[in-house]
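1. The following comprises the amino acid sequence and a computationally predicted model.
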Amino acid sequence: MKNTVKNSRLLSAVSALLVVACMLAMTVCAFAEAPASSESFVMEYPEDMQALGFTEPLVLDSVPQRIVCLSTAPVLALYEMGANLVGIPTSRVVTWPEDLVAATEPVQFSAMSSSDFDYECIVELEADLVLVGSSSTEVGEQIESLGIPVYYVFAGHTVSYDNIKAQTEALVKAFSLDEASTAKGEEIMGRFTALEDRLASVQPTYADKKAMVLQSSDTANHYIQTERGTLASMAAMMGFENVYENEASSMTKLDFEQALDYNPDLVLCVGSGTAQEHQALMEQAYSENEAYWNSIDAIKNGDVIYLPVEFCSTAGIHVVDSINTLIDCIEAFYAEK
């Protein structure tokens, strides 16, 4: 009987120890799987943003759980990194993933009319982090006055590939919170590397060719892009020489008389709508002034590629897809000639 009691007590003690051990193991695992709330969350600025005066990193007490973007630039990188987005801007350049649209609220914001911005929507979304374009510091300061942290991103009508890559790297670094997100971040940055390898391979093919990049809003208003323009910069990365130089601007009104001297090998045309819609618009423009447009041999001979609205401006990491698409289009065009 005494042995039975002793055995019973021993079993109870062992069971209790096992329960405690399991609880401790679960606690350790919980801490290992998720960032501790007591750890700070840091978002550093890339060098190009530091050059604009954004030198101090944003430091938060914990990982933000309700993020709002007022710029299209960081949306896709944050989405792929698993950040919890609750508000994103509308975009005519890129179509957001369906599940992202379903999980977020559209935020109507324009840097051109920021004075009309409804700050109440940020409050209603209970945002604990807002990403704002670098040209909209007044908006960012107003949001900060509401007690909501703000992180600025390089944004504008034309944002260079290098700016996008550097900004993406900063976002990836901040949101690499566990093994899965770290792997995703490496995969995202790997796309830039793969694109750069592809660009290096095609540059010798186009190094002796000149391109003219036209951006048109209707049949009468045509603009020519410099290498600072979105589409023209992509063509330059492929090795094309731009027929027009102007360091003061990314795009300027087409000088019809001057354009007769450009003699491009290829004309890239971009505007609103799809490639087919823009081609129809430009063909109407050609028909309205046939003598002039036929004076440009590339247009007369059909050495023209029409591109959709996504090539008018950039939307963060989507630039990698856009450049790959441009390479595909140009390779296919010359393959058929």
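-> Happy to help now that I have it. Since the structure is predicted, the reported quantities are computational estimates derived from the model, not experimental observations. Numbering: from 1, shown residues only.
2. and after the helix or strand harbouring residue 122, which helix or strand comes next?
-> Here residue 122, judged by DSSP states H and E, is contained in helix 120-124. As assigned by DSSP H and E, the chain's next helix or strand after helix 120-124 is strand 129-133.
3. Figure out how far that following strand is from the centre of its chain.
-> Chain-centre distance of strand 129-133: 14 Å, with C-alpha atoms, centre = their mean, to the nearest Å.
4. That strand packs against which elements?
-> Helices and strands touching strand 129-133, by 3 or more C-beta pairs under 8 Å, 6 or more residues apart in numbering; DSSP states H and E, are strand 67-69, helix 137-145, strand 150-153. For the C-beta atoms, the positions are set from N, CA and C on the backbone; glycine is no exception.
5. Redo those as CSV? Include distance to residue 219 and mean neighbour count.
-> Converted to CSV, the helices and strands packed on strand 129-133 look like this (distance: least, C-beta to C-beta, whole Å; neighbours: other C-beta atoms under 10 Å):
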stretch, distance to residue 219, mean neighbour count
strand 67-69, 35, 27
helix 137-145, 36, 16
strand 150-153, 36, 24
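6. Let me have the ones you listed in TSV, adding distance to residue 263 and mean pLDDT as columns.
-> Below are the helices and strands packed on strand 129-133 laid out as TSV (distance: least, C-beta to C-beta, whole Å; pLDDT from 0 to 100):
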stretch	distance to residue 263	mean pLDDT
strand 67-69	43	97
helix 137-145	44	94
strand 150-153	39	97
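7. In the chain, where is pLDDT below threshold?
-> The model of the chain has pLDDT under 70 over residues 1-38, 110-114.
8. How is it partitioned into domains?
-> Taking automatic domain parsing as the reference, the chain has its domains at 41-156, 205-336.
9. Out of those domains, which gets nearest to residue 194?
-> Of all the domains of the chain, domain 205-336 sits nearest to residue 194, with 8.4 Å by C-beta to C-beta.
10. How far does that closest one stretch from one end to the other?
-> 16 Å (C-alpha to C-alpha, to the nearest Å).
11. so which of the helices and strands packed on strand 129-133 comes closest to residue 91?
-> Per C-beta to C-beta, nearest to residue 91 of the helices and strands packed on strand 129-133: strand 67-69, 10.4 Å.
12. Does anything pack onto that closest one? Which helices or strands?
-> helix 75-80, strand 85-89, strand 129-133.
13. Could you tell me the end-to-end distance of stretch 152-170?
-> 11 Å.
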